[in-house]
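In: got a sequence here, can you model it:
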Amino acid sequence: MFTRCCIGLLLLSLLPVAIAARTTPPRDAVRHGVRPDTILLRAAELTVGLPCDSAYLRRRDSVRCHDSLRLRAEERNRRLYDSIRSKTTRRAVPRMLYRMLFVNPQLDTTTIGRVTDESRRFERYSGRRIGEVSIVREPVFDSGGNWLERTGNKLHVMTRERVLRRDLLFGAGDTIAPELLVRNLQLLRSRAYVSDATLELTPDPHDTTRVTVTLRTRDSWTISADGALHGEGRTMAGLSDANILGTGNRLSVATHFSRNDFGYGGNIVAYDVPNLFGTFYKANLSAGRDFYNSELRIGVSKEFILPTDYEAGMAYDNVKAKYYLVDRDTTDLVKSKRFDLWAGRSRYIPSIRSSVFLTARYGFARFLRRPYVSKRYNPAFHDTDDALLGLGLYREKFYTTNMIYGFGTREYLATGYRAEVTGGYSWREFGEDIYLGLSYKVGGFTRAGYLMGGFALGSFIDAATGEWTQSAVDVDLRWFSPLYVWRRSHIRQFMALNYTQGWNRLEGSDEVLRFTARDGLSMLKEDIMGTNRMVLNTETVFFTPYQPLGFRVALFGFADFGLLGRDANVFRNSFYSTFGFGVRLRNERLVFSTIQLRLGVAVGKGGWGDCRYFQASNGTRLEQYRYLPQRPEIVRFR
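Out: Now for the predicted structure:
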């Protein structure tokens, strides 16, 4: 009976997919100047006066009562905030409070839910030469704001023009390539110091073969504070600036102390450079200590950006930290040194509209302090030297949409695929192994929504005996629906299925699976182990039209189902489920990011399970999908 109830809950979570609602197509076709989802109305047929003879209206944008109600609600909110602003500008203290709590609203940059190929905006200029490239920088706040806003702009160091220019993938004299411009916009908007970026192309009036390109950017407010409470009374307080002195570099300092006796625990300082000298290499350095933990991390890397490109990188870690040993349910202090060196090359092949790539990696791990190890116990703490090679094909293209991770701001999602074969050799402390792996991932927009699927399969082979060891397979499926319209709300359904299984695994830590934050049950606190795991996460999000005091409100319900154990048949393993609901709040005028509150319960075969009944956070469980090749990896088993 309990299993039937769980199946019923699963079917209920899929109901929004079957609702007969209007969906947003991935693209629009234009014939004879009229889109297929538009109707032609004469001005005489309308009840409102128009300064023209005719007008085109989209069916989903037709005149509706709820649209007028929404506009009236937005007008009331605007008048409310204007009133608050006018009253708080009269005295210094209210002005300061207003400046701390409110920021200028950011308007939606795309049509709600529509998937757009932004490269089409630039297609008419394809093949022309780029003449002058100019950059227009805008401050964080409007220059015509109140005294506090003007003071904030004076305190904020604007991103230097040379910093923005070095992030450009094109220059004067280059040929316009629409896909390259879109890729560059996505790169610019991924920078922490840029809140928005647009490209404007203007034909040269004196030379029809040349185009003037104008980049417009708006800075982000990049100074932030951080804090955390850890076990044993350890406390962290930090301060960071992601655009120190307008260089685009990030500096962060974290101080650690004991909240029991306010004893000093140490500092950790980190410095990150997103684009080193305009080479598109990222560099990072962090060093310091936290009570018994200490770290020294140095890294320099460049990833694939263009279809024909190269990647390279180096990373060195010297870390001492407590490590949770799953099999013993305890923690132990581990000190290790790791070094990684990798490189790769890709080349675009027009006939298949894909890039072929070859990557190579060498790395070693040395442990200065560790738990007990043997040939078949705790392989995660063995001293190793690994050499890996990867060969494959990939393709990636960006589309613009919204109401996926945000509440209306412009979002970029990649479509494409990546197929890769991996092989290598491992010199281990207790022997030598050959490694073989295979992975494939593909995703894109369909009429049923965005669908991404992939798998990774890998295994070690003992070079002396030919025995297959530490074999693993990881399957990942993710989907979200088009944006459905139900009365005044917009609805989107999300689903994720993950299946991980291991064979011929050894013993000790990292040789068993658990429910994790990424592949697990969001509210479950039970500590379960196994070698075979399957998790289904579902979430239904209602983007409501209500804006109380300017807050955008999204309601969501979730249901997670998991199977975990050591039986090869995953359906014979222990079953757990969590389900509940929550709310996300966002006000574009407020400095604070999205606030998320969740309530839930957990159940298992034996009834109610140990659960985190309430969670408050500022993040969602979704993540961006990318198909870029990376350094060769051993298949994930965790």
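In: what segments of the stretch 101-250 of the chain are helices?
Out: If DSSP state H, counting those that start in this stretch is used as the criterion, the helices of the stretch 101-250 of the chain fall at 147-155, 161-165, 178-189.
In: would TSV of these with mean pLDDT and mean neighbour count be doable?
Out: Placement of C-beta: from N, CA and C, glycine included. Below are these laid out as TSV (pLDDT from 0 to 100; neighbours: other C-beta atoms under 10 Å):
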stretch	mean pLDDT	mean neighbour count
helix 147-155	75	15
helix 161-165	94	17
helix 178-189	91	19
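In: among those helices, which is nearest Asn260?
Out: helix 147-155 (36.5 Å; C-beta to C-beta).
In: gap between the longest strand seen in the chain and the chain center?
Out: Assignment by DSSP state E gives strand 330-349 as the longest strand of the chain. Its chain's C-alpha centre lies 21 Å from the corresponding centre of strand 330-349 when counted by C-alpha atoms, centre = their mean, to the nearest Å.
In: next, the angle from whatever helix or strand comes next after it to strand 330-349.
Out: Using DSSP states H and E, the helix or strand that follows strand 330-349 towards the C-terminus is strand 354-369. Interaxial angle, strand 354-369 versus strand 330-349 (axes from the mean of the first three to the mean of the last three C-alpha atoms, to 10 degrees): 160 degrees.
In: may I see the buried residues of strand 354-369?
Out: 354-357, 359-361, 363, 365, 367 (16 or more other C-beta atoms under 10 Å).
In: circling back: how about the helices of the stretch 101-250 of the chain in JSON lines, adding distance to Glu467?
Out: Below are these laid out as JSON lines (distance: least, C-beta to C-beta, whole Å):
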{"stretch": "helix 147-155", "distance to Glu467": "64"}
{"stretch": "helix 161-165", "distance to Glu467": "54"}
{"stretch": "helix 178-189", "distance to Glu467": "46"}
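In: out of the ones you listed, which gets nearest to Tyr264?
Out: helix 147-155 (30.2 Å).
In: report how many residues lie close to Gly299.
Out: Gly299: 16 surrounding residues under other C-beta atoms under 10 Å.
In: tell me the pLDDT of it.
Out: Predicted confidence (pLDDT) for Gly299: 97.
In: residues in contact with the closest residue to it other than its chain neighbours?
Out: Here the nearest residue to Gly299 in space, its sequence neighbours aside, is Ala315; by C-beta to C-beta, 6 or more residues apart in numbering that works out to 4.2 Å. Counting by C-beta atoms under 8 Å, 6 or more residues apart in numbering, Ala315 touches 297-301, 338-340.
In: what's the closest of those residues to Ser374?
Out: Arg338 (21.5 Å).
In: and the closest one, what's its pLDDT?
Out: 97.
In: count the residues that sit near Asp560.
Out: For Asp560, the neighbour count with other C-beta under 10 Å is 25.
In: list the buried residues in the longest strand of the chain.
Out: Going by 16+ other C-beta under 10 Å, strand 330-349 has these buried residues: 334, 336, 338-340, 342-346.
In: again, but for stretch 305-323
Out: In stretch 305-323, counting by 16+ other C-beta under 10 Å, buried: 305, 307, 309-313, 315, 317-318, 320, 323.
In: can you pick out the most distant pair from those?
Out: Among the buried residues of stretch 305-323, Pro307 and Lys320 lie farthest apart (C-beta to C-beta), at 42.0 Å.
In: what's stretch 441-458 in contact with?
Out: 17, 23, 25-26, 115, 399, 413-418, 422, 435-440, 471-482, 493, 625, 627, 634-636.
In: ok, back up a step: nearest to Val553 among the buried residues of stretch 305-323?
Out: Among the buried residues of stretch 305-323, Ile305 lies closest to Val553 (C-beta to C-beta), at 37.8 Å.
In: name the helix or strand for that closest one, please.
Out: Using DSSP H and E, no helix or strand contains Ile305.
In: list the contacts of it.
Out: Ile305 sits next to 169, 183, 187, 280 when contact means C-beta under 8 Å, 6+ apart.
In: apply 10 Å and report the result again.
Out: 169, 180, 183-184, 187, 280, 311, 346, 628 (C-beta atoms under 10 Å, 6 or more residues apart in numbering).
In: out of those, which is nearest to Thr235?
Out: Nearest member of those to Thr235, counting by C-beta to C-beta, is Leu187, at 36.8 Å.
In: isn't the closest one right up against Asp167?
Out: Yes - the criterion here is C-beta atoms under 10 Å, and Leu187 meets it with Asp167 at 6.4 Å.
In: find the residues that touch each one of these two.
Out: Residues touching both Leu187 and Asp167 by C-beta under 10 Å, 6+ apart: 194, 197, 274-275, 280.
In: farthest-separated two in these?
Out: Checking those with C-beta to C-beta, the most distant pair is Ala197 and Phe280, at 16.5 Å.
In: give the other helices and strands that the longest strand of the chain contacts.
Out: Applying 3 or more C-beta pairs under 10 Å, 6 or more residues apart in numbering; DSSP states H and E, one finds that strand 330-349 makes contact with strand 293-302, strand 309-325, strand 354-369, strand 384-401.
In: repeat that for 8 Å
Out: Applying 3 or more C-beta pairs under 8 Å, 6 or more residues apart in numbering; DSSP states H and E, we find strand 330-349 packed against strand 309-325, strand 354-369.
In: what's the closest of these to Tyr613?
Out: strand 309-325 (23.5 Å).
In: that closest one pairs with which strands, and in what direction?
Out: Strand pairing for strand 309-325, using DSSP bridges, gives strand 293-302 (antiparallel), strand 330-349 (antiparallel).
In: can you give me the angle the longest one makes with strand 384-401?
Out: Which is strand 330-349. Going by the same axes, to 10 degrees, strand 330-349 makes 60 degrees with strand 384-401.
In: try the shortest one
Out: Relative orientation of strand 293-302 and strand 384-401, computed by the same axes, to 10 degrees: 60 degrees.
In: from Ser252, how far out is the residue nearest to Gly299?
Out: Separation of Ala315 from Ser252 (C-beta to C-beta, to the nearest Å) stands at 19 Å.
In: which residue ranges form the strands in the stretch 51-200 of the chain?
Out: Taking DSSP state E, counting those that start in this stretch, the strands of the stretch 51-200 of the chain run over residues 54-58, 129-138, 194-204.
In: export these to TSV and tack on mean pLDDT, mean neighbour count and distance to Met534?
Out: Listed next are the strands of the stretch 51-200 of the chain as TSV, based on pLDDT from 0 to 100; neighbours: other C-beta atoms under 10 Å; distance: least, C-beta to C-beta, whole Å:
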stretch	mean pLDDT	mean neighbour count	distance to Met534
strand 54-58	36	13	42
strand 129-138	91	16	49
strand 194-204	88	17	40
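In: as CSV, those strands with distance to Asp226 would be great.
Out: Listed next are those as CSV, based on distance: least, C-beta to C-beta, whole Å:
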stretch, distance to Asp226
strand 54-58, 44
strand 129-138, 27
strand 194-204, 20
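In: which one, of those strands, ends up nearest to Leu563?
Out: Closest among the strands of the stretch 51-200 of the chain, once you apply C-beta to C-beta, is strand 194-204, at 42.8 Å.
In: and the closest one, which strands flank it?
Out: strand 207-219 (antiparallel).
In: any residues touching the strand it pairs with, and which ones?
Out: Contacts for strand 207-219 (C-beta under 8 Å, 6+ apart): 125, 128-140, 156, 158-159, 164, 168, 170, 176, 188, 193-204, 243.
In: if we can go back for a sec, of the contacts of Ala315, which is the nearest to Leu597?
Out: Arg297 (34.3 Å).
In: excluding residues flanking it in the chain, which one is nearest that closest one?
Out: Ser286 (4.7 Å).
In: may I have the beta-bridge partners of that neighbour?
Out: Beta-bridge pairing for Ser286 (DSSP bridges): Ala270, Arg297.
In: distance of it from Ile135?
Out: Taking C-beta to C-beta, one finds Ser286 at 31 Å from Ile135.
In: coming back round to it: make CSV out of the shared contacts of Leu187 and Asp167 and add distance to Gly562.
Out: Below are these laid out as CSV (distance: C-beta to C-beta, whole Å):
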residue, distance to Gly562
Val194, 39
Ala197, 41
Pro274, 37
Asn275, 41
Phe280, 40
